[in-house]
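S.K.: sequence first, predicted model second:
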Amino acid sequence: MTPVEIGLYLLYALVVALPLLPGLLELRAGDDDDPLKIDASYARDPRFLGKSMRAKVEPIVDATHGEARVQFLNRKNEFALITDAYRSPDRVRFDDIVLSRGDFHVGDRSVMLDVYARGDVAVGAYAQVRTLAAGRNARFGSRLSVVRWIDVEGDCTIGDAADLGQSVAASKRLVIGAGVRFSRLFGRPISVIDGRRAELHALSAGPLLARASGARRLVKTLTLDPGARIEDDVVAAGDVELLPGAVIAGSLKAGGTVTLRANACVVGNIVARETVTLEADAMVLGHIFGDLDVVLHAGALVGDRHAPKTIHASRAVRIAPEACIFGWLIAERGGQTTAKDSPA
Amino acid sequence: MVVALNAWLTVVIALMSIYTIRHWVFTFSRVYGKQRMSFSDAYEEHPPSVTVLVPMHNEEKVAEACLDALLASEYPKDQLEIVAIDDQSADATNDILHAYIERHPQVKILTMAGPERGKANALNVALESVQSDFVLVFDADYTPGRGLIRTLINAFVDPEVGAVMGRVVPRNTSRSLLTRLLSMERAGGYQVDQQARYNFNLLPQYGGTVGGFRRRMLAELGGFDPHALAEDTELTAKIFQHGWKIVYDNRAECYEEVPEAWESRFKQLRRWSRGHNRVLWSHLFGLVTAPVLTIPQRIDAALLMLCYAVPPILLSGWLAAIALFLLGRLPYVGGVTLAFAVVLYNAFGNFAPVYQVATAEVLDGSTTRLLLLPYLFYMFPFNTWAITTGFIDAVGDIVKSRRGRWDKTARVGNAP
C-alpha cells in the first residue's frame, strides 16, 4: 500500500469517526442523560391552580399578624400586602399582591395583580385581575378582565362581557353573564345568567338516568325518531341526529356531527369528530368531546349534580342563556356566552 | 437468476421507499399537523372499576417498586383491584410478593402453577376471575405515577375505544450508551410514530406494558392467544379487525427499565421479532381485507405488521445487490439519475428514522442528546441482525407448527 493510499484510508476513517466525536464528549460529560421528567405526583384537577396558590400563600398569611408588607415567594420585584380585610373605592391600582385574612372588596375599574382572600370577594365593573383565589363567595361586575385565572371556594358570579383569561373555577355555583369569553370553566354547575330551567328539567328526568348494558350498535348514520329510545352504545360512521324527545341510554360516537333536538337525551358520553349541538332543553349526562365546536342552546344541560362531567371542544364552545353544565368546560380555541337563545 | 435478483432488489427498494415516506409523513404530522386529542381531561368523580394486572416472572429486583407505585395511585381504592401474577418465578419473587401482601392486603397474588408459561397465558388465567369493567396491564419494571390509571381509563369515554396505550419512558437512561440510544429510539417510537398514527386515525398499537382494554371486548375477541409471544400485537390486530379502536395517549407517561446489556437487548428484540412475525403470518390477510377498516388504515396495517419483516428483507436486498455487483449485472440506470437517486436516498431515506428520533427529542426538550444521533447508525446493523434471527425463529415456528419459548428480559432494578 502506498503512502498516498494509507493517507486516503486514514482520511476516510477520520470522516467516518468525525460525526461520532461530539457524541463521545456528551457520553463522557452526561449533560443530557437524565430520563424525561415525569411528575409522578401529578393528578389532573380543574382547580389545581387555585389549590396550588393557596398551598403557597397560606403559610405566609399564617406567619404574620396585623398588616404587613413582605417579599412574595422570593420573587425579586414582587411584594405582598398582608391584611385582615381590604375595602377600597373605585379606580384603585395595586402594585402589590394582596393577601387578605378576611374579605376583599374593590370598586369599579380597579387593577389588581394576584389576590388571595379567605373571606368573600366583591369586585366592581371594568376591573382587571391577574390571579384571584377566594375562600368564600365571589362576585365580579361586568367587563371583568382576567389575565390568568380565578379560583373560588364557594359560589362565583361574573357579569356580562367579561374576558375570563385561562381559567375560572368555583367549588360550587359559577354563574356567568352574556357575551363572556372564556377558555376553561369549572363549576357545580356552570350556568349562563340563570341555569334553573335546565336544573329543574334534569330533576324531572330521573328515570332516564338508567345506563345501558354496554352492548355496541354500529351504524353508518342515525336519525332517531321522536320519543324513540336505544339502550345500547351507538358508534356511527357519519352524522347522528336525535329528534325531539329521543333517548340513547348508552354512549354515542359519531364520525360526523351530533345534533340533539329539543328534549333529546344521551345518558352516556358523546364523542364526535365534528360539531356537537344541544338544542333547547336537550340533555347529556356524560362527557362531551367534540373535535370541532360544541353549541348549547337555552335550557341545555350537561353532566349531573352528583356526577360532574367534561365538555371538551377542540375548537370553540358557544352557550346560550339558561344552559347549565355540571363540571369542567374546556374550549381549546375559546368559548363565548351569548345574549340570545340561539348561540349558533 | 439475474432477472430474479433484479426483481427482488426492485421490490426491496420500493418497500424501503414506502417506509421512508411514512417516516417523513409522521414526522411532519407531529411537528406541523393538528394533534388529535386524547381524553385526559375527562373529569370523573366516580370512575369505573379497574383491575390492574402485573404479570411477573423472576421480577425480584423490580416487583416492590411497581406495586408501591400502583398503591400510591389517586384512583379511588374501592374501584381499584391490583393483582400481581407470579408466573412460575425461579427467584425470590414469590416470597417478596407474599411478604408484600402481609403489609398491603389490598394487593392480590395469583400464583401460576404451570405447565404453560408466558405473559399471554398468565393474563388469560387472571382474567377468568376479574369482574371490573376495565383492565390495565403493566410490566413489573414499570412505575406508574399517581394519576396514570385515571388518565388511561379516561380513554374509554369513547364507546368505540377497545384499548388504550400510554407512552413508555426509559428510567435508566444514564446507565450506558445502549440505554441512551434505547431512550432515543423509544422517544421516536412514541412521541412521533404512535402519536402520528393516532393523529391520522390509523393503527396506533396496544403495547401491552402501560395500557389496558375493556374486559367485555377481550372476552368477545376470545382472550389472548396463550402461545403468543407478542400478545400485544396480536390483540392490536384483533381489535382493529373487529371494529374497535385504540387510543394512544402521549400524556399517559410511565417509566420503564430498558436493557442495559447488549445481550439482553438482542434477546428482547429477537423475541419481539419472533412474536410479531407470527402475528404477521396469522393476521396480515385478515387486517388488509377487514371491511371495517378504511384504505389508509389497511395500508398502515400492512406496514405495521411488516415492520419486523423489513430488516430480513433489507438484508436480502443487500445480498442481492452484492451478488449482482459480483456478477457484473447491477442494473445501470444512467450516471446522473443514479447519482441523483443515491444522493436523495442518502439524504432523505437513510436519515428518515433519525429525523423522526431527532424530532421527538426536540419536542421533549432534550436537545443535547441529539449529539448521539450518529451512534444510532451503529445500532442499525445490530437491530437488523437481532430482528432477522427472530424472523428466522418465526418462520421455523410456522413451518414446524411449534410453540415459541418466552425469553425473559433480564432486570437490573434501579427504580427511583
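M.R.: Structure received. Computed from a prediction, not measured in an experiment: that's the story for all the values here.
S.K.: quick one: secondary structure of whichever residue of the stretch 51-200 of chain A sits closest to chain B?
M.R.: Closest to chain B within the stretch 51-200 of chain A is residue A:186: 7.8 Å, counting by CB to the nearest CB. All C-beta atoms are positioned from the backbone trio N, CA, C, and that covers glycine. Assigned by DSSP: H, G, I helix; E, B strand; the rest coil, the conformation of residue A:186 is strand.
S.K.: so residue A:222 touches residue A:235, yeah?
M.R.: No. Counting by CB atoms under 8 Å, residue A:222 does not reach residue A:235; the two are 9.8 Å apart.
S.K.: if we can go back for a sec, so the residue of the stretch 51-200 of chain A closest to chain B makes contact with residue A:47?
M.R.: Yes. With contact defined as CB under 8 Å, residue A:186 reaches residue A:47; the gap is 6.4 Å.
S.K.: what count of nearby residues applies to residue 6?
M.R.: Using chain A. Neighbourhood size, residue A:6 [other CB atoms under 10 Å in any protein chain shown]: 10.
S.K.: think we crossed wires, I meant chain B
M.R.: For residue B:6, using other CB under 10 Å, the count is 16.
S.K.: list the buried ones in the helix or strand containing it?
M.R.: Residue B:6 belongs to helix B:2-32 when assigned by DSSP states H and E. For helix B:2-32, burial by neighbour count (16 or more other CB atoms under 10 Å in any protein chain shown) applies to B:5-6, B:8-9, B:12-13, B:15-16, B:19-20, B:22-24, B:26-27, B:29-30.
S.K.: tell me the bridge partners for residue A:185.
M.R.: Note on residue A:185: beta-bridge partners by DSSP bridges are residue A:168, residue A:329.
S.K.: you'd agree residue B:192 is in a helix?
M.R.: Yes. Applying three-state DSSP, one finds residue B:192 inside a helix.
S.K.: verify the contact between it and residue B:361 for me.
M.R.: No. The criterion here is CB under 8 Å, and residue B:192 misses it with residue B:361 at 9.7 Å.
S.K.: so between those two, which is more surrounded?
M.R.: A direct count of neighbours by other CB under 10 Å for residue B:192 and residue B:361 places residue B:192 higher, at 27 against 24.
S.K.: look up phi and psi at residue B:50.
M.R.: The phi/psi pair for residue B:50 (degrees, to the nearest 10) reads phi -130, psi 140.
S.K.: for it, give me its contacts.
M.R.: By CB atoms under 8 Å, 6 or more residues apart in numbering or on different chains, the contact list for residue B:50 reads B:75, B:79, B:80, B:81, B:132, B:133, B:134, B:135, B:136, B:149, B:153, B:212.
S.K.: residues contacting residue B:69?
M.R.: Applying CB under 8 Å, 6+ apart, the residues near residue B:69 are A:40, B:142, B:143, B:144, B:145.
S.K.: give me that answer again for 6 Å
M.R.: Counting by CB atoms under 6 Å, 6 or more residues apart in numbering or on different chains, residue B:69 makes contact with B:143, B:144.
S.K.: and the helix or strand harbouring it, average pLDDT?
M.R.: Residue B:69 belongs to helix B:63-71 when assigned by DSSP H and E. Here helix B:63-71 scores 94 as its mean pLDDT.
S.K.: near chain B, which residues of the stretch 151-300 of chain A? Just list them.
M.R.: Counting by CB under 6 Å from any CB of the partner chain, the stretch 151-300 of chain A comes close to chain B at A:233, A:235, A:251, A:253, A:269, A:271, A:287.
S.K.: run a quick neighbour tally on the third one.
M.R.: Residues lying near residue A:251 (other CB under 10 Å) number 27.
S.K.: now the strands for chain B?
M.R.: Remark: strands assigned in chain B by DSSP state E are B:50-56, B:80-86, B:107-111, B:134-138, B:161-170, B:210-214, B:245-256.
S.K.: how's chain A carved up into domains?
M.R.: According to automatic domain parsing, chain A comprises the domains A:48-172, A:196-337.
S.K.: export the residues of the stretch 151-300 of chain A next to chain B to TSV and tack on secondary structure and pLDDT?
M.R.: Below are these laid out as TSV (DSSP: H, G, I helix; E, B strand; the rest coil; pLDDT from 0 to 100):
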residue	secondary structure	pLDDT
A:233	strand	94
A:235	strand	95
A:251	coil	95
A:253	strand	96
A:269	coil	95
A:271	strand	96
A:287	coil	96
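S.K.: helix, strand or coil for the nearest residue to residue A:70 once chain neighbours are set aside?
M.R.: Leaving aside its chain neighbours, residue A:70 sits nearest to residue A:80 (5.5 Å; criterion: CB to CB, 6 or more residues apart in numbering or on different chains). Taking three-state DSSP as the rule, one finds residue A:80 in the strand state.
S.K.: can you name the residues that contact residue A:80?
M.R.: By CB under 6 Å, 6+ apart, the neighbours of residue A:80 are A:70, A:72, A:97, A:99.
S.K.: now, these that are in helices?
M.R.: Among those, no member is found in helices (DSSP state H).
S.K.: just give me the least confident of those residues.
M.R.: Per-residue pLDDT puts residue A:72 lowest of these, at 84.
S.K.: what's around that residue, how many residues?
M.R.: 21.
S.K.: over to the one 3 residues further on?
M.R.: Applying the criterion other CB under 10 Å, we find 10 residues in the vicinity of residue A:75.
S.K.: per-residue confidence at it?
M.R.: Confidence for residue A:75, expressed as pLDDT, is 80.
S.K.: hang on, the earlier thing: tally of neighbours for the residue of the stretch 51-200 of chain A closest to chain B?
M.R.: So residue A:186, with other CB under 10 Å, has 27 neighbours.
S.K.: relative to residue A:168, how far out is it?
M.R.: 8 Å (CB to CB, to the nearest Å).
S.K.: ok, now residue B:380?
M.R.: Computed as CB to CB, the residue B:380 to residue A:168 distance reads 52 Å.
S.K.: those two: which is more packed in?
M.R.: More crowded of residue B:380 and residue A:168, by other CB under 10 Å: residue A:168, with 30 against 15.
S.K.: quick check: the more buried one touching residue A:184?
M.R.: No. Look at residue A:168 against residue A:184 with CB atoms under 6 Å: they stay out of range, at 7.5 Å.
S.K.: doesn't residue A:130 fall inside a strand?
M.R.: Yes. Counting by three-state DSSP, residue A:130 is found in a strand.
S.K.: so for it, what's the nearest residue that isn't a sequence neighbour?
M.R.: Nearest one to residue A:130, counting by CB to CB, 6+ apart, is residue A:147 at 4.4 Å.
S.K.: hang on, the earlier thing: neighbour count for residue A:222 and residue A:235, which is higher?
M.R.: residue A:235 (25 against 21).
S.K.: who's in contact with that one?
M.R.: Contact analysis of residue A:235 by CB under 6 Å, 6+ apart lists A:218, A:253, B:160.
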